[in-house]
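K.L.:
Curious how this folds, go ahead:
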Amino acid sequence: MTDDAVISLLIVDDHPVVRDGLRGMFDSAPGFRVLGEAENGVEALARAAALDPDVILMDLRMPGGSGVDAIRELARRGARAKILVLTTYDTDSDTLPAIEAGATGYLLKDAPRDELFTAVRAAAQGRTVLSPAVATRLVSAVRTPRGPGGEPLSAREREVLVLVARGTSNKEIARELFISEATVKTHLTHLYAKLGVNDRAAAVAAGYDRGILG
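P.N.:
Sure, this is the predicted structure:
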């Protein structure tokens with residue numbers, strides 16, 4: 001696709017006001033043409049097959065069919081469209097599955113208008129586009145040693161593990177991190193599962209063995 005080609009779009013979002021806003025934005029800008037809209041992942045598959053857009057703007061959490069499922073299925077079908085995720089969610093549980101499923105880019109809905117236009121043009125040319133917050137999360141996930149289940153420790157879980165390695169009690173961890181003891185126990189449960197261990201000592205040992213604790 002050349003820089004001056006008109007880019008065709010499919011907008012997928014469960015909120016009509018968001019779809020209307022995006023359609024108005026792109027229809028008023030040169031170089032873009034909105035072919036259609038869909039309100040969930042299932043409808044997106046049908047609309048993408050019928051309209052064959054250059055770029056699909058895809059929300060993630062939608063009743064009636066998630067964006068990640070749609071991205072995965074579009075990739076399986078060998079769809080020509082590039083998929084640019086546009087959502088309000090930037091957690092690891094949202095960003096990583098979307099990118100792994102085949103999304104070309106990932107932007108947050110608070111992105112400025114010009115940034116969104118630039119991202120769509122880049123996506124249409126097959127270039128990866130990530131918002132700074134998402135890029136930071138992906139780099140962190142890649143650099144974080146993974147447990148048996150393949151899931152990295154979160155930043156908070158790593159903090160808890162560091163304090164456990166220092167011999168800090170749950171009560172002291174709670175006080176230092178400004179969280180409740182119940183939350184500390186929850187973090188411990190999660191990191192135990194990710195490291196494949198059952199107690200504090202084994203967690204510390206696994207932390208050193210996997211390079212999390214240095």
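
K.L.:
now this protein, which segments are flagged as low pLDDT?
P.N.:
For the chain, the stretches flagged by pLDDT under 70 are 1-4, 92, 136-150, 214.

K.L.:
So the residue sitting nearest the centre point of it, which state does it fall into?
P.N.:
The residue lying closest to the centre of the chain (Cα atoms, centre = their mean) is Thr95, at 1.1 Å. Under DSSP: H, G, I helix; E, B strand; the rest coil, Thr95 falls in the helix class.

K.L.:
Against Val164, how distant is it?
P.N.:
27 Å (Cβ to Cβ, to the nearest Å). C-beta here means a position set from N, CA and C on the backbone, and glycine is covered the same way.

K.L.:
And the helices in this protein?
P.N.:
For the chain, the helices defined by DSSP state H occupy 16-27, 41-51, 67-77, 92-101, 113-124, 132-143, 155-165, 170-177, 181-195, 200-209.

K.L.:
In a markdown table, list those along with distance to Leu10.
P.N.:
Conversion of these to a markdown table gives the following (distance: least, Cβ to Cβ, whole Å):
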| stretch | distance to Leu10 |
| --- | --- |
| helix 16-27 | 10 |
| helix 41-51 | 6 |
| helix 67-77 | 11 |
| helix 92-101 | 16 |
| helix 113-124 | 12 |
| helix 132-143 | 21 |
| helix 155-165 | 35 |
| helix 170-177 | 44 |
| helix 181-195 | 37 |
| helix 200-209 | 45 |
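
K.L.:
residue at max distance from the center of this structure?
P.N.:
Gly167 (34.6 Å).

K.L.:
Many thanks, have a good one.
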